[in-house]
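*Asks:* Got a sequence here, can you build the structure:
(one chain, ligands or ions: 1)
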Amino acid sequence: MLLLPQSRLFLNTNSNCNRVIFMGSKHLLLLKSTLTPVKHTHTHLAHFSSTSQPQLFSTHRKNIAFSTSSPKPISPIHRMTSGLCSYPHAAMPIPGPVSGVVLETPEQQVLDSEQLRMLKQKLEDIGIDGDAFMPGQYYGLVCPSCNGGDSEEKSLSLHITEDGAAAVWNCFRAKCGWRGTTRAFADVKSTYAKMNRISKVKQPLREITEESLELEPLCNELLAYFAERMISRETLRRNSVMQKRSGNQIAIAFTYRRNGELVSCKYRDITKKFWQEANTQKIFYGLDDIEGASDIIIVEGEMDKLAMEEAGFKNCVSVPDGAPPKVSNKELPSTEDDTKYQYLWNCKEYIEKASRIILATDGDLPGLALAEELARRLGRERCWRVKWPKKNNAESFKDANEVLMYMGPAALREVIENAELYPIKGLFNFKDYFAEIDQYYHQTLGYELGVSTGWRALNELYNVVPGELTIVTGVPNSGKSEWIDALLCNLNRSVGWKFALCSMENKVREHARKLLEKHIRKPFFDVRYGESVERMNVEELEQGKRWLSDTFSLIRCENDCLPSINWVLELARFAVLRHGVNGLVIDPYNELDHQRPPSQTETEYVSQMLTKIKRFAQHHSCHVWFVAHPRQLHNWVGSPPNLYDISGSAHFINKCDNGIVIHRNRDPEAGPIDIVQVCVRKVRNKVIGTIGDGYLSYNRVTGEYMDLDQ
Ligand SMILES: Nc1ncnc2c1ncn2[C@@H]1O[C@H](COP(=O)(O)OP(=O)(O)OP(=O)(O)O)[C@@H](O)[C@H]1O
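*Replies:* All right, here's what the predicted structure looks like:
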């Protein structure tokens with residue numbers, strides 16, 4: 001809660017008063033006085049001065065508490081020649097704070113005025129223009145749909161509801177009959193769809209001067225009000241901030257100028273109610289200050305513009321209309337239809353040459369929405385955004401004036417100097433990844449250096465990193481599938497990884513046998529290949545089955561059609577989410593469904609498929625082993641094939657992270673036939689290995705692979 005220095009408080013002396021509104025902070029505060037006994041609950045407004053000085057609030061509001069919902073008699077509409085209101089004098093709406101409506105809380109007060117402002121904006125957007133509209137009133141207006149016919153009669157009857165939240169209108173000209181409703185925070189509904197977005201009926205722009213608007217220099221009370229908000233006399237003078245008197249009320253007058261000429265004027269009373277001179281051009285506040293500037297700052301309110309000046313930034317403008325509630329999800333309208341941001345287009349020549357535009361809008365949701373709407377129109381590439389400093393653990397300061405008031409000009413300068421590039425979807429900086437880079441450096445992500453295969457012979461050559469793609473090839477029967485199975489068993493044993501298996505050549509029971517033999521280290525059957533080694537017993541089988549269930553998910557196409565890569569990856573995604581698998585085996589490539597459009601070559605198809613697999617691997621931090629066969633090798637002499645020999649495309653070697661050829665000697669005369677050559681032919685990530693050959697011995701009985709010296 002913001003508290004003011006005692007010197008700024010002026011309490012109402014009425015002894016019945018138990019609630020006092022303090023003014024001078026950005027928001028009014030409603031406090032309970034402990035000084036007087038509670039007799040009645042009345043709302044009183046404290047004034048800057050109790051002297052005969054002009055007051056910012058009308059004193060005759062004291063102790064008056066009209067209900068905003070009390071029914072009012074509907075007076076007949078009288079036609080008038082000059083303005084919007086066509087009421088008998090007694091029923092005329094009373095503008096501003098003397099309307100007889102006492103708001104119960106400052107929050108409600110701000111909410112209601114915002115609601116009415118939104119409602120007026122809605123009406124203005126469909127051509128019903130009236131800054132003076134007040135809740136609970138009826139108006140007779142020229143209909144923007146039919147223009148009142150030849151006689152331009154005021155045929156449109158408009159009613160603003162008592163709470164100021166909705167408007168209803170009806171054109172009584174039979175030829176038109178336009179009627180509709182709108183709420184402050186909902187869409188317009190009317191009989192003519194086109195009228196929901198009718199462009200504002202163009203009124204000629206007024207020429208205004210300080211004299212014609214009866215503007216005056218700021219009084220001492222307002223100077224004190226600004227001083228409290230850290231805005232100096234010099235800044236107020238340079239920005240020609242003035243005041244306007246209406247009866248015994250005074251409003252701040254922010255003068256909008258272009259080349260020094262008064263173009264428009266916006267008023268603000270102390271309750272933060274705003275209104276603007278009708279039929280004047282919408283431009284930025286402080287426009288002349290950004291003429292020729294390459295760096296410009298855009299803020300959300302006049303006070304923030306003045307605050308920026310206190311921090312040393314004159315190259316700043318404020319938007320004239322505040323912020324939208326949210327970012328529009330529609331396409332950008334054409335310049336002419338972009339009514340809410342007309343001020344941008346009216347000031348185009350001032351901003352088009354700026355190379356850096358700092359969007360220092362409020363830190364709340366509407367402020368962020370405004371920044372986004374501005375960035376959409378100005379071009380994100382030249383926009384920057386500010387980060388308002390922390391107020392406490394839970395909140396940040398909201399805008400420039402708050403930072404100036406509570407942290408001072410140096411802090412506000414720092415906010416602007418530390419502005420960041422406005423984010424562009426898909427465009428990043430290394431800075432955005434510093435946290436991840438640090439984790440990588442400190443090895444807290446997990447497996448940064450890869451997981452050992454479990455074979456010392458391969459430690460220097462190939463380690464397994466989550467999120468990578470390893471292509472495994474080799475001539476038929478070389479032991480590719482066996483080696484991968486053995487690797488999975490090792491990884492499960494050392495780091496507990498789980499796997500999804502899409503092994504289309506294996507029957508499930510055969511695959512289970514091979515895995516169990518490696519896991520239990522005993523043959524499944526008591527037959528020839530088991531030699532004299534005892535077969536696994538039933539208990540071992542049961543334990544093995546539990547291990548199989550815990551460790552593997554099976555991806556299998558139940559019908560007789562071939563699975564597509566999309567289908568496999570989708571199921572693998574489920575396995576990641578459901579079972580937390582760390583690896584996926586697709587064995588082999590040629591058992592997938594490779595239908596492709598006639599216009600696509602196999603090379604293009606393979607490239608696209610591998611991209612999908614890599615995306616899956618990276619996105620889910622899942623290692624993928626993909627088995628691919630070499631094309632038919634003519635005049636093969638028994639040496640290991642090349643990765644470029646893989647049938648289909650050179651993309652297999654181009655796109656994979658790791659490429660491995662499994663090879664074994666089948667000629668007893670050429671060497672031992674149980675020795676397996678693991679040819680690491682490609683390693684993209686030098687952290688985890690390098691090109692070279694490792695040799696393992698294959699145990700036919702259990703299907704295990706071992707280091708030669710083991
Ligand atoms: N080094 C080896 N010595 C003897 N037999 C082996 C060796 N490696 C694998 N085998 C045997 O070869 C057979 C085929 O193994 P595996 O299925 O792993 O080969 P593959 O390369 O995947 O074959 P394919 O290309 O036909 O799918 C299995 O019976 C396996 O026991």
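*Asks:* mean confidence score for stretch 544-555?
*Replies:* The average pLDDT within stretch 544-555 is 98.
*Asks:* quick one: buried residues of it?
*Replies:* By neighbour count, and taking 16 or more other C-beta atoms under 10 Å as the criterion, the buried residues in stretch 544-555 are 544, 547-548, 551-555. From N, CA and C alone the C-beta is placed, and that goes for glycine too.
*Asks:* likewise stretch 320-333?
*Replies:* For stretch 320-333, the neighbour count (16+ other C-beta under 10 Å) marks 320-324 as buried.
*Asks:* Send over it as PDB, restricted to the C-alpha atoms.
*Replies:* Included here for stretch 320-333 are C-alpha records, laid out as PDB according to Å, rounded to 0.1, in the frame of the first residue of the first chain:
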ATOM      1  CA  PRO A 320      -2.700   8.700 -26.100                       C
ATOM      2  CA  ASP A 321      -5.200   6.000 -25.300                       C
ATOM      3  CA  GLY A 322      -3.700   3.600 -22.800                       C
ATOM      4  CA  ALA A 323      -3.500  -0.100 -23.300                       C
ATOM      5  CA  PRO A 324      -5.900  -2.700 -24.700                       C
ATOM      6  CA  PRO A 325      -7.200  -5.400 -22.300                       C
ATOM      7  CA  LYS A 326      -5.500  -8.200 -24.400                       C
ATOM      8  CA  VAL A 327      -3.700  -8.800 -27.700                       C
ATOM      9  CA  SER A 328      -6.000  -9.100 -30.600                       C
ATOM     10  CA  ASN A 329      -6.000 -12.500 -32.300                       C
ATOM     11  CA  LYS A 330      -7.000 -11.000 -35.600                       C
ATOM     12  CA  GLU A 331      -4.800 -10.100 -38.500                       C
ATOM     13  CA  LEU A 332      -3.500  -6.600 -38.500                       C
ATOM     14  CA  PRO A 333      -6.100  -4.300 -40.000                       C
END
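*Asks:* burial count for Val678?
*Replies:* By the criterion of other C-beta atoms under 10 Å, Val678 has 26 neighbours.
*Asks:* From one end of stretch 215-222 to the other, what's the distance?
*Replies:* Terminal residues of stretch 215-222 lie 14 Å apart, using C-alpha to C-alpha, to the nearest Å.
*Asks:* just stretch 148-163 next, same as before
*Replies:* Stretch 148-163 has an end-to-end distance of 29 Å (C-alpha to C-alpha).
*Asks:* Give me every residue in the stretch 351-500 of the chain lying close to the ligand.
*Replies:* Where the stretch 351-500 of the chain comes near the ligand, counting by C-beta under 6 Å from any ligand atom, the residues are 474, 476-482.
*Asks:* lowest-confidence helix or strand of the chain?
*Replies:* Lowest on mean pLDDT, DSSP states H and E among the helices and strands of the chain sits strand 29-32, with a mean of 26.
*Asks:* give me the low-pLDDT residue ranges for the stretch 201-350 of the chain?
*Replies:* Per-residue confidence for the stretch 201-350 of the chain (pLDDT under 70) gives these ranges: 201-202.
*Asks:* beta partners for Cys171?
*Replies:* Under DSSP bridges, the beta-bridge partners of Cys171 are Leu156.
*Asks:* Hmm, it is touching Cys146, no?
*Replies:* Yes: contact criterion C-beta atoms under 8 Å: Cys171 and Cys146 qualify, at 6.3 Å.
*Asks:* Neighbour count: those two, which is higher?
*Replies:* More neighbours sit around Cys171 than around the other of Cys171 and Cys146, counting by other C-beta under 10 Å; the figures are 26 against 17.
*Asks:* Find the closest residue to the ligand in the chain.
*Replies:* Gly479 (2.8 Å; C-beta to the nearest ligand atom).
*Asks:* quick one: what helix or strand has Tyr139 in it?
*Replies:* With elements delineated by DSSP states H and E, Tyr139 resides in strand 138-141, which encompasses its position.
*Asks:* and that strand, which residues are buried?
*Replies:* Using 16+ other C-beta under 10 Å, the residues of strand 138-141 that count as buried are 138-141.
*Asks:* Turn these into CSV, including distance to Val687 and pLDDT.
*Replies:* Output for those, formatted as CSV (distance: C-beta to C-beta, whole Å; pLDDT from 0 to 100):
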residue, distance to Val687, pLDDT
Tyr138, 77, 84
Tyr139, 75, 85
Gly140, 79, 83
Leu141, 74, 85
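*Asks:* Farthest-apart pair in those, please.
*Replies:* Pairwise distances across these peak at 10.3 Å for Tyr138 and Leu141 (criterion: C-beta to C-beta).
*Asks:* Identify the contacts common to these two.
*Replies:* 157-158 (C-beta atoms under 8 Å, 6 or more residues apart in numbering).
*Asks:* Ser113: which element?
*Replies:* Take DSSP H and E as the rule and Ser113 turns out to sit in helix 106-125.
*Asks:* Dump that helix to PDB, restricted to CA.
*Replies:* In PDB, the C-alpha atoms belonging to helix 106-125 read as follows (Å, rounded to 0.1, in the frame of the first residue of the first chain):
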ATOM      1  CA  PRO A 106     -11.300   3.700  -5.000                       C
ATOM      2  CA  GLU A 107     -10.900   0.300  -6.800                       C
ATOM      3  CA  GLN A 108     -14.500   0.400  -7.800                       C
ATOM      4  CA  GLN A 109     -14.100   4.000  -8.900                       C
ATOM      5  CA  VAL A 110     -11.200   3.100 -11.100                       C
ATOM      6  CA  LEU A 111     -13.000   0.100 -12.400                       C
ATOM      7  CA  ASP A 112     -16.100   2.000 -13.200                       C
ATOM      8  CA  SER A 113     -14.400   4.700 -15.000                       C
ATOM      9  CA  GLU A 114     -12.400   2.200 -17.000                       C
ATOM     10  CA  GLN A 115     -15.600   0.400 -17.800                       C
ATOM     11  CA  LEU A 116     -17.200   3.600 -19.100                       C
ATOM     12  CA  ARG A 117     -14.100   4.400 -21.000                       C
ATOM     13  CA  MET A 118     -14.200   1.000 -22.700                       C
ATOM     14  CA  LEU A 119     -17.800   1.400 -23.500                       C
ATOM     15  CA  LYS A 120     -17.300   4.800 -25.000                       C
ATOM     16  CA  GLN A 121     -14.400   3.300 -27.100                       C
ATOM     17  CA  LYS A 122     -16.700   0.500 -28.300                       C
ATOM     18  CA  LEU A 123     -19.400   3.100 -29.300                       C
ATOM     19  CA  GLU A 124     -16.800   5.300 -30.900                       C
ATOM     20  CA  ASP A 125     -15.500   2.300 -32.900                       C
END
